[in-house]
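Colleague: With the input below, show me the fold.
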Amino acid sequence: MIQFDSIGREYVRLALHVEQHFRGFVDAYYGPPEIKARVEAEGRRDVHRLRDEVEALSGQIAAAVLDDRRRDYLLRQLRAMQTVLRRLAGEELALVEEVQGCFDITPERVDDATLEAVRREIDALLPGAGDLTERLTAWRRQLELPVDRILPVAQLALAEARQRSAALFDLPEGESVDLQLVSDKPWSAYNWYLGNYRSRIDINTDTPIYADTVWKLITHEVYPGHHTEHMLKERRWYRQAGRLEHSIQLLIAPESFVAEAIATTAADVIWPDRVELAQWLNDVVFPAANIQVGADQALRIGALIEALADASDNAAFMLHADRRPPEEVLDYLRHYSLRRESELQRTLRFVSDPQFRTYVFNYRGGSRLLKHAGEVVGLREAFRWVSTEPVT
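Modeller: Residues are numbered from 1 along each chain as shown. Now for the predicted structure:
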């Protein structure tokens, strides 16, 4: 039987106490149930007392004889915990300071000229004239999956992605994933990791799901994205190494930046050849969805739409750093995101949330950083490393 050290136990205990003040801070917990039961019995701790306890644990870790990588990981995670507690205590934090404290990154704006260039490329590729958002929406509608086709097509992508991921990693025996449809959520899809190598994936039907991007949804949430990373680290660092801190996942912490870096890069790792990908979409996915559009053009336009996601980062800056009114931010998103009104409202809702306003910077920022590492050591090698090691 594995013996867990006091550092891991205290880390988990404090994280579960923060969760009592900030629901959603703990994204998953699959450690010893008695620790959670103890926290629930203790009830809500005073926020200032929790800050003192987090500070004390940080000092203990800094002075302890530990593996350097473990010390680094824990101290950065605890810094995020402190940042969240500072906000819960009523302290006003500048946006950049909060992002640095929560995710150990420094967010940057993207030049609007870069987004304008992407708009021009999309404009040149789309048929017709007139409002670009309306033309893109009309063109994308050809690729939209009816609600009753979302799960069957997603299952096709799931089977293919799992096969390709199994060639990259030794997946745990008995691992499993359940897909289900939901609505009225601020995100398009979500991985709920349940522990013991199991996940539930919620797909939000309020957001259009497209035949040419459902494979990216699956690679992001499941293989070789969130589900794969979570179970590989659970097996190696919690089940085998006995590090209790890997029995819990914190949403507002550096580990989430790493997780989104993995998930947003996952598709490029198992589908590096876009010609092969287009052929698979044309041969397997599009016929199952009764889609008549060619995959080559869909992938070209899809890549450009993805580049426009940087507008969401800029929207967060406008809202929280520049103090621009929400309607002005929404107009900005209308111009640069080229998405339907319901999708724009969902984005504004996400970046407006006082607890989650920092999270938006993890997606594009994570992808850029991991791809930069891939330029040095090779993308597959960099991806393997961050998917299996508790890196910062």
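
Colleague: pull the CA atoms of stretch 200-211 into CSV?
Modeller: The C-alpha trace of stretch 200-211 is given here as CSV (Å, rounded to 0.1, in the frame of the first residue of the first chain):
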residue,chain,number,x,y,z
ARG,A,200,-17.2,12.1,-19.3
ILE,A,201,-17.2,14.5,-22.2
ASP,A,202,-20.1,17.1,-22.3
ILE,A,203,-20.8,18.6,-25.8
ASN,A,204,-22.8,21.8,-25.7
THR,A,205,-25.5,21.9,-28.4
ASP,A,206,-26.0,25.6,-28.0
THR,A,207,-22.8,26.0,-30.0
PRO,A,208,-22.9,24.7,-33.6
ILE,A,209,-20.9,21.5,-34.0
TYR,A,210,-19.3,21.2,-37.5
ALA,A,211,-18.4,18.0,-39.4
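
Colleague: Show me how far that stretch is from its chain's centre.
Modeller: Relative to its chain's centre, stretch 200-211 lies at 15 Å (CA atoms, centre = their mean, to the nearest Å).

Colleague: what's the model's confidence in that stretch, averaged?
Modeller: Stretch 200-211 shows a mean pLDDT of 93.

Colleague: what does it rub up against?
Modeller: 140, 143-145, 147, 150-151, 153-154, 177-185, 187-192, 194, 217, 221-222, 227, 281, 285-286, 289, 291, 298, 302, 340, 342-343, 346 (CB atoms under 8 Å, 6 or more residues apart in numbering). To be clear about C-beta, it is placed using only N, CA and C from the backbone, and glycine gets the same treatment.

Colleague: now residue 191: how far from residue 183?
Modeller: Note on residue 191: its distance to residue 183, by CB to CB, to the nearest Å, is 17 Å.

Colleague: rewinding a little: would you show me how to pick out the buried ones of the contacts of stretch 200-211 in ChimeraX?
Modeller: Under the burial definition 16 or more other CB atoms under 10 Å, those of those that qualify are selected in ChimeraX by:
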select :140,143,144,145,150,151,153,154,177,179,185,187,188,189,190,191,192,194,217,221,222,227,281,285,286,289,291,298,302,340,343,346
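
Colleague: Low-confidence stretches in the stretch 1-150 of the chain?
Modeller: Counting by pLDDT under 70, the stretch 1-150 of the chain has low-confidence residues at 1-3.

Colleague: do that again at 90, thanks
Modeller: Scanning the stretch 1-150 of the chain with the threshold set as pLDDT under 90 gives 1-4, 65, 127-129.

Colleague: At which residues are the strands of it located?
Modeller: Along the stretch 1-150 of the chain, counting by DSSP state E, counting those that start in this stretch, strands occupy 26-29.

Colleague: Mark which of the contacts of stretch 200-211 are part of strands, please.
Modeller: 177, 178, 179, 180, 181, 182, 189, 190, 191, 192, 194 (DSSP state E).

Colleague: OK, contacts around the fourth one?
Modeller: Put plainly, it is residue 180. If you count contacts by CB under 8 Å, 6+ apart, then residue 180 has 151, 200, 201, 202, 203 around it.
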